[in-house]
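# Coordinates only, no sequence provided:
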């Protein structure tokens, strides 16, 4: 039956542009936030103003999301390995309660179970039980909306923002580690060094817990082995220094000096506590056996 | 292909490692082609025989940590490292670790 022709009515489509005025204030009125709430910290207001540009999507809202008060609270096991079996590894909002059942933090996660594992490890005392609201259509707007819904419900009920969500509280949200700059050994190739390069290397590896001498920069390694080393160190999440042995301007002569210093003929080279632990092969082997994490914890 | 004479670097490496380590097993694979494009290699004008995977099983690794085992291999190959060998991926095991029953 090929007799039906369907035309999409243009009027059903959302307008392809929005008047500027609607970008700034669209859905505040669709929002029954009790206005008597005392000070709402800025962290709470800001997402509103920024997320508005796609106001059409706000109507999607989170009808499937239960109210915070009606969501079942699940006890977090003390053995964090059990967490993934109990909590969903899906995208959604979650609310963390301490042992006195006080709400500590409401978060958004692409993998709720993984976030709970992290929180349980970093702040075990505050992490007694968790409520999870899986967001079915997890685009950013829907997630933000879900988070706001729970936050507002809590604020309406208690007049307080969960302590972990207060501005400036970094207990729960780890700031993404900023990519450090690669270290330079010398002020420049034309500057006469007053000490031998070996001494500078010695000082560097002894003053820093973890130093990786790599080819290229940590943001753009120029050799597969160096890339792998950077990848492992980033994955382990250790704070490390990197030195680009190919930087002829600021690390001129480093390759030869380092080979002599460490008695190791190739790069990359990774030092921990002033000792060479090896190159890519050894680091990889240690990482795979879990020895690296142990060594770096000390 | 070989940079010196008719013998490939791989076979020279094998001979050196075999005799010094009395290796129970040696595998050497030339993987230079995988690295032909990277920065240091472009500068050296298309050198060959620069990158190798080396697997050595030897009793002499017994009681040595990985750094020492790798150093033993590097030391034996220092001539090669000074003549264009650029990088090695090393697996150095004792017969016990490698699960080789015959000793």
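Here it is on my side, so go on. Since the model is a prediction, treat every value here as computed from it, not as a measurement. Numbering: from 1, shown residues only, chains lettered A, B, ... in the order given.

# show me where chain B has strands.
With strands called from DSSP state E, chain B shows them at B:25-30, B:51-57, B:87-93.

# what about the shortest one, near chain A?
No: contact of strand B:25-30 with chain A (CB under 8 Å from any CB of the partner chain) is absent, the minimum separation being 14.0 Å. To be clear about C-beta, it is placed using only N, CA and C from the backbone, and glycine gets the same treatment.

# contacting residues around that strand?
B:8-10, B:13-14, B:17-18, B:49, B:51-57, B:98, B:100 (CB atoms under 8 Å, 6 or more residues apart in numbering or on different chains).

# Spit out the contact partners of the residue nearest the centre of chain B.
Residue closest to the average C-alpha location in chain B (CA atoms, centre = their mean): residue B:54, at 4.2 Å. Contact analysis of residue B:54 by CB under 8 Å, 6+ apart lists B:13, B:17, B:26-29, B:73, B:88-91.

# Quick one: those residues as a markdown table, columns for neighbour count too.
Formatted as a markdown table, those follow (neighbours: other CB atoms under 10 Å in any protein chain shown):
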| residue | neighbour count |
| --- | --- |
| B:13 | 23 |
| B:17 | 21 |
| B:26 | 16 |
| B:27 | 12 |
| B:28 | 19 |
| B:29 | 12 |
| B:73 | 21 |
| B:88 | 22 |
| B:89 | 17 |
| B:90 | 23 |
| B:91 | 18 |
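
# what number of residues lie near residue 83?
Using chain A here. 24 (other CB atoms under 10 Å in any protein chain shown).

# Sorry, I should have been clearer: chain B.
Neighbours of residue B:83 using other CB under 10 Å come to 11.

# Can you redo the contacts of residue B:54 as a markdown table, where the extra columns are pLDDT and distance to residue A:255?
What follows is the contacts of residue B:54, written out as a markdown table (pLDDT from 0 to 100; distance: CB to CB, whole Å):
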| residue | pLDDT | distance to residue A:255 |
| --- | --- | --- |
| B:13 | 94 | 22 |
| B:17 | 95 | 25 |
| B:26 | 94 | 28 |
| B:27 | 95 | 29 |
| B:28 | 95 | 25 |
| B:29 | 93 | 25 |
| B:73 | 96 | 20 |
| B:88 | 93 | 16 |
| B:89 | 94 | 19 |
| B:90 | 95 | 19 |
| B:91 | 94 | 25 |
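
# could those residues go into TSV alongside distance to residue A:93?
Compiled in TSV, the contacts of residue B:54 are given as follows (distance: CB to CB, whole Å):
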residue	distance to residue A:93
B:13	58
B:17	58
B:26	57
B:27	53
B:28	55
B:29	51
B:73	54
B:88	50
B:89	45
B:90	48
B:91	47
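
# Could you pull up the residues touching residue A:261?
A:198, A:201-202.

# quick one, what contacts residue A:251?
Here residue A:251 is in contact with A:184-186, A:243-245 (criterion: CB under 8 Å, 6+ apart).

# Likewise for residue A:106?
Contacts of residue A:106 (CB under 8 Å, 6+ apart): A:93-96, A:147, A:150-151, A:154, A:162, A:164-165.

# out of those residues, which is most surrounded?
Going by other CB under 10 Å, residue A:93 tops the contacts of residue A:106 with 28 neighbours.

# Partner strands of the particular helix or strand that has that one in it, with direction?
Using DSSP states H and E, residue A:93 falls within strand A:92-97. Take DSSP bridges as the rule and strand A:92-97 pairs in its sheet with strand A:103-109 (antiparallel), strand A:129-134 (antiparallel).

# got TSV for these, with distance to residue B:22 and mean pLDDT too?
Formatted as TSV, those follow (distance: least, CB to CB, whole Å; pLDDT from 0 to 100):
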stretch	distance to residue B:22	mean pLDDT
strand A:103-109	55	93
strand A:129-134	59	93
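
# Please identify the most buried of the ones you listed.
strand A:103-109 (a mean of 22; mean count of other CB atoms under 10 Å in any protein chain shown).

# Distance from that strand to the middle of the chain?
Relative to its chain's centre, strand A:103-109 lies at 15 Å (CA atoms, centre = their mean, to the nearest Å).

# For the chain, just list every one of the helices.
In the absence of a named chain, this looks at chain A. A:20-24, A:42-50, A:55-58, A:83-86, A:112-122, A:140-158, A:197-207, A:224-236, A:254-262, A:280-289, A:291-297 (DSSP state H).

# Sorry, I should have been clearer: chain B.
B:9-21, B:39-43, B:66-76, B:78-81, B:95-98.

# for those helices, which one ends up most surrounded?
Each of the helices of chain B was scored by mean neighbour count; the highest is helix B:66-76, a mean of 19, by mean count of other CB under 10 Å.

# Just want the angle from that helix to strand B:51-57.
Interaxial angle of helix B:66-76 relative to strand B:51-57 (axes from the mean of the first three to the mean of the last three CA atoms, to 10 degrees): 110 degrees.

# List the contacts of helix B:66-76.
Contacts for helix B:66-76 (CB under 8 Å, 6+ apart): A:263-266, A:276-279, A:281-282, A:285-286, B:16-17, B:20-21, B:54, B:56, B:60-61, B:64, B:81, B:88, B:90, B:92.

# Now, of the contacts of residue A:261, which are buried?
residue A:201 (16 or more other CB atoms under 10 Å in any protein chain shown).

# Pull up the gap between residue A:287 and residue A:117, please.
19 Å (CB to CB, to the nearest Å).
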